[in-house]
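In: Structure, please.
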Amino acid sequence: MAFEPNKVTWYSKALAMAVFVAFPFIAFWLGVKYAQLKFAATLSVVPGNEVQRMTADACVAAGGEIVNTLGAEKTCPTGREYLGEATGLRCPCICCK
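Out: Modelled structure (predicted):
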């Protein structure tokens, strides 16, 4: 049997279908891993600057205001002081004064 690189066989069809089906899943998995890597890099804590966690009531009692950071970086608006993360809420919120 001679080698025929241009011949379409049942095996080549099966391999093409497997690659066609598997590629989106592999690409999604790689994208998730990359996003986790990027997100972990943005939340790395500098030694000595541990994140202060407080409830919403403690934030208001300290004279702060709760800021929703969904889809944004965890930073306060310009000119505001960061007090810590607000816990016990249904959003990724921070407390700014």
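In: and C59, how many residues sit next to it?
Out: Close neighbours of C59, defined as other C-beta atoms under 10 Å, add up to 25. Where you see a C-beta, it was placed from the backbone N, CA and C, and this is true even at glycine.
In: is it true that it touches C95?
Out: Yes - if you go by C-beta atoms under 8 Å, C59 and C95 touch, sitting 3.7 Å apart.
In: Can you tell me the element the closest residue in space to K74 that isn't next to it in sequence falls in?
Out: Leaving aside its chain neighbours, K74 sits nearest to I94 (5.5 Å; criterion: C-beta to C-beta, 6 or more residues apart in numbering). For I94, the element it lies in under DSSP states H and E is strand 93-96.
In: gap between that strand and the chain center?
Out: Its chain's C-alpha centre and that of strand 93-96 lie 19 Å apart, by C-alpha atoms, centre = their mean, to the nearest Å.
In: Sheet partners, orientation included, of it?
Out: According to DSSP bridges, strand 93-96 forms sheet pairs with strand 65-68 (antiparallel), strand 82-87 (antiparallel).
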